[in-house]
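>>> following is a predicted model, sequence given first.
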Amino acid sequence: MGYFVVDANSDKGEFVNVSHTGAHAKVFNEYLDVYIGHTYKWTGETLPTIEGLEIIKDDGSVLTEADPSIYIETFIDPNNQTDLYYGFSPDMREVVGEYEQPDDFTMTEDEMTVVFKVTIHEQNYQFDLSDLKIQYQINDESKQQTVPLKSFVFHH
């Protein structure tokens, strides 16, 4: 006689960072806006809806536009094409033009590319960002997950 096991918690899953992209500090000094894409894989069966993204600093506070050293706007690249963009090109404009806001973004596949539009205000900025907080909804339940955010400003 065999047993048939059903996992009733098919909404259990987590976001895993499956890419790490960054740019040398000089790129941020030369270009006002630098777009950096990080791809996150959802490990659950049911795809969530992203409700929002927040960047958490080393001191536990949320990065805001009032920060004097760095400004970051977050988007989602629905086509998962963004790695690193800066300067202006027709290809870049086309990809950037399709970015979506991270509010009520419904995932249609198990990977999503979060895009960080970075503007650094301090030339010798020292990376002080610790985590990306992903707020999402799955089966009408709001949840959140904090994923470590590795430095994407390279000084070498």
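That came in fine, so what should we check first? Residues are numbered from 1 along each chain as shown.
>>> list the contacts for the spatially closest residue to Gln81 that is not a sequence neighbour?
Excluding its sequence neighbours, the residue lying closest to Gln81 (Cβ to Cβ, 6 or more residues apart in numbering) is Val95, at 5.1 Å. In short, each C-beta sits where N, CA and C put it, glycine included. By Cβ atoms under 8 Å, 6 or more residues apart in numbering, the residues touching Val95 are Asp77, Asn79, Gln81, Thr82, Tyr85.
>>> next one: Val95 from Gln135, what distance?
The spacing between Val95 and Gln135, counted by Cβ to Cβ, to the nearest Å, is 25 Å.
>>> which strand or helix spans the residue nearest the centre of the chain?
Geometric centre of the chain, nearest residue: Val114, 3.1 Å, by Cα atoms, centre = their mean. Per DSSP states H and E, Val114 falls inside strand 111-120.
>>> name the surrounding residues that touch that strand.
Against strand 111-120 from outside (Cβ under 8 Å, 6+ apart): 18, 28-29, 32-42, 50, 53, 55, 69-77, 80-82, 99, 102, 105, 132, 152-153.
>>> give the buried residues for it.
Within strand 111-120, the residues scored as buried using 16 or more other Cβ atoms under 10 Å are Met112, Thr113, Val114, Val115, Phe116, Lys117, Val118, Ile120.
>>> just checking, Asp110 touches Lys41?
Yes: between Asp110 and Lys41 there is a contact under Cβ atoms under 8 Å: 5.9 Å.
>>> ok, back up a step: so what's the residue nearest to the centre of the chain bridging to?
Val114 forms beta bridges with His38, Ile76, as assigned by DSSP bridges.
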